[in-house]
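need a 3D model of the sequence below.
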Amino acid sequence: MSPSIASATDRASITWRSVARLTLMVLALLFLIVPHLCYRAVGRPSPMVMAFLNAAGWIAGLRVRTTGTRLRRDVLFASNHVSWLDILALGGAARSAFVSKAEVKGTPLVGWLADQNHTIYVQRDAKREIHAQADNLRGALARGRPVTLFPEGTTGPGDGLLPFRASLFQAVVPPLPNLRIQPVFLDYGAEANDIAWLDPESGLGNFKRLLARKRPIALTIHYLDPLPAEVTHDRKAISESARAAIAREIAATARPSAAALHRL
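Take a look at the predicted model:
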């Protein structure tokens, strides 16, 4: 995205469509927050988090389909990252928690919502905290809940991959019992570049721009085969294998496919 386009989106006024969508998201949150807090009060996992993420994604225009077989527990998803919409899609469809940069925790409301989904925060520039952060992620995975990691470390163009950061896989070396690593390709199709949140566009600019879209946003989540056990003992091998699997799927989907899609 050019600087002039990014600047224009940042200055764009809020449209009636984006106001309507934001209002519906707030209403969905208010409707679900009381039962969510009740679940939390009795120490039970809350299905309201997944319900809210699904509702917010649908309101934002997401129309999600899936291919492949999703692992239900004891799994670390390694996914490409295109937009904030990825969180709504995978959080709702895969019931996944996320590994996120530490700055998210301090963002008003967004940080609270991330906490409700058991987000694991990492300070990527704080090398002295890497072991503690890896322990936090390892502990979350040991409890069996799916967790998603975006190994590019930032949002990419959607029709290609940035380099993967092998250090982000340190938490799963040595491998945990029963844990599998499943690559995931988030496929926004021909509109991937338009959906993508890329520099120098701000997060707020991307949020406003996507909420103002007239057309629905089609997303196919490709759940790929889990990585073979022999690569899971080395973080570089994990990183390279996961990236190669997603890259192959990107190349395959660039050609017409007869693969059946499963609507959520």
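
rest of the way, CA atoms for contacts and neighbours
Fine.

quick one: the helices in the stretch 101-250 of the chain?
Taking DSSP state H, counting those that start in this stretch as the test, the helices found in the stretch 101-250 of the chain are 110-116, 130-142, 192-195, 203-211, 235-253.

CSV for those helices, including mean neighbour count, distance to Arg73 and mean pLDDT?
Formatted as CSV, the helices of the stretch 101-250 of the chain follow (neighbours: other Cα atoms under 10 Å; distance: least, Cα to Cα, whole Å; pLDDT from 0 to 100):
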stretch, mean neighbour count, distance to Arg73, mean pLDDT
helix 110-116, 16, 19, 89
helix 130-142, 17, 9, 78
helix 192-195, 18, 29, 90
helix 203-211, 19, 31, 90
helix 235-253, 18, 18, 94
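
so which of those gets nearest Trp58?
helix 203-211 (11.1 Å; Cα to Cα).

for the closest one, name the packing helices and strands.
Using 3 or more Cα pairs under 8 Å, 6 or more residues apart in numbering; DSSP states H and E as the contact test, the elements touching helix 203-211 are helix 3-11, helix 16-41.

avg pLDDT for the first one?
If I follow you right, that is helix 3-11. The pLDDT scores in helix 3-11 average 44.

hmm, back to that, out of the helices of the stretch 101-250 of the chain, the one nearest Gly92 is which?
For Gly92, the closest of those is helix 110-116, at 13.0 Å, according to Cα to Cα.

please, where are all the strands along the stretch 151-264 of the chain?
If you assign secondary structure with DSSP state E, counting those that start in this stretch, the strands in the stretch 151-264 of the chain sit at 180-187, 217-223, 262-263.

so, low pLDDT: which residues of this protein?
1-13, 124-132, 255-264 (pLDDT under 70).

and for it, the residue most distant from the center?
Computed with Cα atoms, centre = their mean, the maximum C-alpha offset from the centroid of the chain is found at Val42, amounting to 28.2 Å.

picking that back up, tell me the most buried of the strands of the stretch 151-264 of the chain?
Mean neighbour count (mean count of other Cα atoms under 10 Å) peaks for strand 180-187 among those, with a mean of 24.

compute the inter-axis angle for that strand and helix 235-253.
Between strand 180-187 and helix 235-253, the angle comes out at 40 degrees (axes from the mean of the first three to the mean of the last three Cα atoms, to 10 degrees).
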